[in-house]
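*Asks:* no sequence on hand, only this structure:
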């Protein structure tokens, strides 16, 4: 279709078709995929309007993307997490998975961490930056995705010891690299000191998960595991929200509403036991 003939109704029809049978095999696409396709289209048409001047307006701008049910992966069980971490423990990047599980930090936040953010003595970690990929380039933002900007979270003793070992291994790699070492200060770096590639933790996560025959999960689901376990243990919502980097605790409450529903089933028994 010539771009000049494109109308909002055409865009809406495309969204519906993608949602219903838009996959390569005619399968229903996820809402997230359709939303991404819509974003690409809107940006392309905006370029055609603002830069090229070949059409008078962006006809996709006001067209809503159909809201499909989001796929929610069931978090790993504690047993599955232990199996994953055991398998990952031999890898030089084991510490990033330990932190993901035991802090709930986002991947971009973990990749942006520097040794100056870690306080071994007080067993605490400052999370204040986010690393991401923009147009193929690695970019470090001076704030986190959740908008909280800066948060300090506590670490358990075993995680601190794992980070000590990680630091020791990195210093040994620095000695071996010699003049090829580039000191960047990142906690998670290559054998030559450069920050690791953004996709490496995800790729390695998938390989380790498959080796121990665990169900389908994403690296990001380790964050969900952390939050789920805290809420099931009765941790106050505002504390969980701070730990996850949610400026508004209602974001946490909405995301993990299913945990509240599960707990509600047993609330009468909890109360009865409390007043015995």
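*Replies:* Yep, that arrived. As the structure is a prediction and not an experimental result, all values here were calculated from the model. Numbers count the residues shown, from 1 in each chain.

*Asks:* please make it C-alpha for all contacts and neighbour counts, starting now.
*Replies:* OK.

*Asks:* could you pull out the strands for the stretch 51-200 of the chain?
*Replies:* Here the stretch 51-200 of the chain has its strands, by DSSP state E, counting those that start in this stretch, at 118-119, 124-127, 130-134, 137-141, 151-154.

*Asks:* and the ones you listed, which one is worst for confidence?
*Replies:* Confidence, taken as mean pLDDT, is least for strand 137-141 of those (a mean of 78).

*Asks:* tell me the angle it makes with strand 130-134.
*Replies:* Relative orientation of strand 137-141 and strand 130-134, computed by axes from the mean of the first three to the mean of the last three C-alpha atoms, to 10 degrees: 150 degrees.

*Asks:* give me the contacts around strand 137-141.
*Replies:* With C-alpha atoms under 8 Å, 6 or more residues apart in numbering as the test, strand 137-141 has contacts from 112, 129-133, 198.

*Asks:* centre of the chain to that strand, how far?
*Replies:* How far strand 137-141 lies from its chain's middle: 15 Å, per C-alpha atoms, centre = their mean, to the nearest Å.

*Asks:* what is the neighbour count of residue 64?
*Replies:* 13 (other C-alpha atoms under 10 Å).

*Asks:* go on, residue 51?
*Replies:* Residue 51 has 9 nearby residues by other C-alpha under 10 Å.

*Asks:* check which residues of the helix or strand hosting residue 34 are buried.
*Replies:* Taking DSSP states H and E as the criterion, residue 34 maps to helix 31-47. Across helix 31-47, burial judged by 16 or more other C-alpha atoms under 10 Å covers 31-32, 34-35, 38, 41-42, 45-46.

*Asks:* just for this protein, where's the confidence low?
*Replies:* 22-28, 68-73, 135, 145-149, 257-276 (pLDDT under 70).
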